[in-house]
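Chemist: structure of the sequence below:
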Amino acid sequence: MLAELFHILEPHEHAAAWRLLRSGAMIVLPIGDEDLPDIEQLMQKYRDRPMDFADATLVRLARRERMKSVFTVDDDFLVYRIDGRQRFLVLPER
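Modeler: Presented below is the predicted three-dimensional model:
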């Protein structure tokens with residue numbers, strides 16, 4: 001999500017994004033070695049897209065933290081599923 005945020009902003013807008021992060025309105029979640037098998041499995045499952053590591057990490061975190069919405073400009077998230085069934089709420093809406 002942070003990669004997407006900084007990607008869509010103009011460089012002069014980055015300071016505002018950093019203020020948002022420091023405000024506590026968003027949190028940065030860690031991934032660890034225990035997440036890697038699921039990330040690898042997701043990349044294999046969606047290899048026809050292909051799913052990259054960043055996308056697989058976001059899907060893994062969504063599953064782990066029970067999140068249903070994702071902020072992205074990546075249309076692949078319209079295809080990815082949470083636990084194989086549930087669609088993401090993709091923001092901004094398409």
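
Chemist: low pLDDT regions in the protein?
Modeler: Nowhere does the chain drop to pLDDT under 70.

Chemist: mind redoing it with 90?
Modeler: 1-8, 25-28, 49, 54, 70-74, 82-85, 91-94 (pLDDT under 90).

Chemist: can you tell me which residue sits nearest the middle of this protein?
Modeler: Leu58 (3.3 Å; C-alpha atoms, centre = their mean).

Chemist: how about whatever helix or strand Trp18 lives in: buried residues?
Modeler: Per DSSP states H and E: Trp18 is located in helix 14-22. The neighbour-count check on helix 14-22 (16 or more other C-beta atoms under 10 Å) flags nothing as buried. Every residue, glycine included, has its C-beta placed from N, CA and C.

Chemist: alpha carbons of it, as PDB, please.
Modeler: Taking C-alpha atoms only, helix 14-22 is exported to PDB below (Å, rounded to 0.1, in the frame of the first residue of the first chain):
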ATOM      1  CA  HIS A  14       5.600  13.100  -0.400                       C
ATOM      2  CA  ALA A  15       5.900  15.200   2.700                       C
ATOM      3  CA  ALA A  16       2.200  15.000   3.200                       C
ATOM      4  CA  ALA A  17       2.300  11.200   2.900                       C
ATOM      5  CA  TRP A  18       5.000  11.100   5.600                       C
ATOM      6  CA  ARG A  19       2.900  13.300   7.900                       C
ATOM      7  CA  LEU A  20       0.000  10.900   7.400                       C
ATOM      8  CA  LEU A  21       2.100   7.900   8.300                       C
ATOM      9  CA  ARG A  22       3.500   9.600  11.400                       C
END
